[in-house]
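K.L.:
need a 3D model of the sequence below.
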Amino acid sequence: MQWLTREVFAGSLSVREEEKRDQQWRDARQLVRTRLHSGAEQLIEINVHDGVIERLHQVDTETVELRALIGDNESGYEWLHVRYRGATLTIIESGFAEMAGPFELLRDELTAAADGSFLHSMITDPCGEFDIVFTSVQVTRTPTSPDERMALMARAMPLKSPN
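P.N.:
Below is the predicted model:
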């Protein structure tokens, strides 16, 4: 992540620095819009904040899949299934894959490279960050209910020992 780093979400920056980073992120999103193609233009319109990742994995040498439940009570909930082609998954900050409990998406950044490829970076809570470099993407969004989010969280939660 270039602008929305762990420091932004940890509260270790001044309010002024947080606002500066947020504005840089917004400016970068505006600039990259004109360079998006091959399905990547769909990603810029998706708000992943508070999304819960169900699955993230490198399917084969050229394909990465992400499945997450995104949304909130105000905008509604939906399953997001993203299939990145010509893709490589790189773990930048480990931790989320080793956790027994769920992890949520905080934000994402999307950039376009001179060679026509794209970089989709995501940071998660309470830890974890990953990059996906890709050349094209297929995005499927399926409406769902708040109950589905609660069920996903319940499946991912570790069992509590009785005390």
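
K.L.:
how about the strands in the protein?
P.N.:
In the chain, the strands defined using DSSP state E lie at 52-60, 63-72, 76-85, 88-93, 104-112, 118-125, 129-134, 136-144.

K.L.:
looking at these, which is nearest to residue 18?
P.N.:
strand 104-112 (12.3 Å; CB to CB). Backbone N, C-alpha and C define where each C-beta goes, glycine included.

K.L.:
for that closest one, packing partners?
P.N.:
helix 15-32, helix 40-43, strand 52-60, strand 118-125 (3 or more CB pairs under 8 Å, 6 or more residues apart in numbering; DSSP states H and E).

K.L.:
list the buried residues in stretch 43-57.
P.N.:
43, 46, 48, 51, 52, 53, 54, 56 (16 or more other CB atoms under 10 Å).

K.L.:
which of the helices and strands packed on strand 104-112 sits most buried?
P.N.:
Of all those, strand 118-125 has the most neighbours on average by mean count of other CB atoms under 10 Å, namely a mean of 22.

K.L.:
what angle do that one and strand 104-112 make?
P.N.:
160 degrees (axes from the mean of the first three to the mean of the last three CA atoms, to 10 degrees).

K.L.:
contact partners for the residue nearest to the spatial centre of the chain?
P.N.:
Centroid-nearest residue in the chain, with CA atoms, centre = their mean: residue 122, separated by 4.2 Å. Residues near residue 122 by CB atoms under 8 Å, 6 or more residues apart in numbering: 1, 48, 105, 106, 107, 108, 109, 129, 130.

K.L.:
state the distance from the third one to residue 147.
P.N.:
When you say that, I think you mean residue 105. 20 Å (CB to CB, to the nearest Å).

K.L.:
turn the strands of the chain into JSON lines, columns for mean pLDDT and distance to residue 25.
P.N.:
Output for the strands of the chain, formatted as JSON lines (pLDDT from 0 to 100; distance: least, CB to CB, whole Å):
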{"stretch": "strand 52-60", "mean pLDDT": "89", "distance to residue 25": "21"}
{"stretch": "strand 63-72", "mean pLDDT": "93", "distance to residue 25": "18"}
{"stretch": "strand 76-85", "mean pLDDT": "96", "distance to residue 25": "20"}
{"stretch": "strand 88-93", "mean pLDDT": "87", "distance to residue 25": "17"}
{"stretch": "strand 104-112", "mean pLDDT": "91", "distance to residue 25": "7"}
{"stretch": "strand 118-125", "mean pLDDT": "92", "distance to residue 25": "11"}
{"stretch": "strand 129-134", "mean pLDDT": "94", "distance to residue 25": "15"}
{"stretch": "strand 136-144", "mean pLDDT": "96", "distance to residue 25": "20"}
